[in-house]
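1. Build me a structure from this.
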Amino acid sequence: MTVEELTVRSSIQIFQADKNFLKPVGFGTGCIVKYLGHTLLLSVSHVTNDDGLTTFLETNLPPENNTTPLKPTGGFVWYDIFKITGGMDLTDFESLITTGERIDVTFSKLTENFELKQPAMDFGFFKVEESDKLMLDLDYATTPDKDKTYSFYGKIRPEYQGIYLKMTPTLKNGLKFHKTNGYFHMFLAPQIITDKDDYRGCSGAPILDSEGRIVALACKVMANTKIVYGFSIQECMKLIKLTIDAKQL
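-> Below you'll find the model as predicted:
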């Protein structure tokens, strides 16, 4: 299997919608991983945290009543960074806490088996046959370096044509690692990013190196630069382990 095929087959489209009116209004990507004996859905928090909306996975199963079945999912874990100001007198703890900043990563434990299909796709320079979506093993996760290239996949430019939703598949490859800044790895795209909509919908996609190992989750681009941010998978793994150790997963 090529890295390009692995990149596509390990990426899962995420939608957000009102559970009573299944018309997607939020769009992103995620992946299913195996880690420390658990099966988890990973994504970034800005894709899944809209209040009042339910998160669904695209199954690509045969249509029912002219609609593609979606798999609802929940139980997401988020972490906030709280900035503590003043001294350490905790008698008035609330007054010491300023605005909490949400770390842009999320995960949930999957406790049931369900089908997620990969439709056939033709990207010109390679094809993906109809198959099952793939799970990644975080035991093989790694940190990026400048000797490899990187890729991720998602669907962009959502457009409703009547009741039908159309999205454009896009494979971003040939990225190079630039540097690490806190929780984030910074990559350089092959060309300057002139339109963020060329990437919007890819947030949460696993970024794989040229050997097929996950290094980050795509989360942000900077317009008029080549910069793509990815949340470090190593930092994500720390949060997962922290949650497991606290018996909160």
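
2. Have a look at this structure and report its longest helix.
-> When the chain is scanned for its longest helix (criterion: DSSP state H), the result is helix 233-245.

3. May I see the buried residues of it?
-> Of all the residues in helix 233-245, those buried under the rule 16 or more other CB atoms under 10 Å are 233-237, 239-240, 243-244. Where C-beta positions appear, they are placed from N, C-alpha and C, glycine not excepted.

4. Nearest residue to Phe126 in space, please, no chain neighbours.
-> Counting by CB to CB, 6 or more residues apart in numbering, Glu4 is the residue found nearest to Phe126 once chain neighbours are left out, at 5.2 Å.

5. cool, Gly52 as well?
-> Ranked by CB to CB, 6+ apart and with sequence neighbours excluded, the top spatial neighbour of Gly52 is Asp18, at 7.2 Å.

6. which ones are touching Gly133?
-> Not quite, residue 133 is Lys, not Gly. Counting by CB atoms under 8 Å, 6 or more residues apart in numbering, Lys133 touches 9-10, 12, 32, 116-118.

7. Name the helix or strand of this protein that has the lowest mean pLDDT.
-> Of all regular secondary-structure elements in the chain, judged by mean pLDDT, DSSP states H and E, the least confident is helix 93-96 with a mean of 39.

8. if we can go back for a sec, what's the burial count for the residue nearest to Gly52?
-> Close neighbours of Asp18, defined as other CB atoms under 10 Å, add up to 12.

9. What distance do you get for it to Thr243?
-> 28 Å (CB to CB, to the nearest Å).

10. just Thr180 next, same as before
-> 23 Å.

11. In three-state terms, label the spatially most central residue of the chain for me.
-> Closest to where the C-alpha atoms of the chain average out (CA atoms, centre = their mean) is Gly204, at 1.5 Å. Classification of Gly204 by DSSP: H, G, I helix; E, B strand; the rest coil places it in coil.

12. Show me what the residue lying closest to it once chain neighbours are set aside bridges to in the sheet.
-> Distances taken as CB to CB, 6+ apart put Ser43 closest to Gly204, at 3.5 Å, once the chain neighbours are dropped. For Ser43, the beta-bridge partners are Thr106 (DSSP bridges).

13. Which of the three states applies to Gly52?
-> Quick answer, by three-state DSSP: Gly52 is coil.

14. how deep is it tucked in, by neighbour count?
-> 7.

15. if we can go back for a sec, which helices and strands sit right next to the longest helix of the chain?
-> strand 38-43, strand 106-109, strand 214-221 (3 or more CB pairs under 8 Å, 6 or more residues apart in numbering; DSSP states H and E).

16. which other helices and strands contact the longest one?
-> Contact analysis of strand 214-221 by 3+ CB pairs under 8 Å, 6+ apart lists strand 21-35, strand 149-161, strand 184-188, strand 206-209, strand 227-232, helix 233-245 as its packing neighbours.

17. what residues does the longest strand anywhere in the chain touch?
-> Assignment by DSSP state E gives strand 164-181 as the longest strand of the chain. Residues outside strand 164-181 that contact it (CB under 8 Å, 6+ apart): 4, 7-8, 13, 24, 27, 121, 123, 144-146, 148-160, 185-190, 198-199, 201-202, 207, 218, 227-228, 232.

18. follow-up on the earlier one: show the contacting residues for the residue nearest to Phe126.
-> When contacts are taken as CB under 8 Å, 6+ apart, Glu4 is in contact with 123, 126, 151, 171, 173.

19. who wins for neighbours among those?
-> Ser151 (22 neighbours).

20. from memory that residue sits against Val8, does it?
-> No. In terms of CB atoms under 8 Å, Ser151 does not count as a neighbour of Val8; the distance is 9.2 Å.

21. ok but Val47 is inside a strand, no?
-> No. Assessed by three-state DSSP, Val47 does not belong to a strand; its assignment is helix.

22. Relative to Leu188, how far out is the closest residue to it other than its chain neighbours?
-> Excluding its sequence neighbours, the residue lying closest to Val47 (CB to CB, 6+ apart) is Gly28, at 3.0 Å. When CB to CB is the yardstick, Gly28 and Leu188 sit 22 Å from each other.
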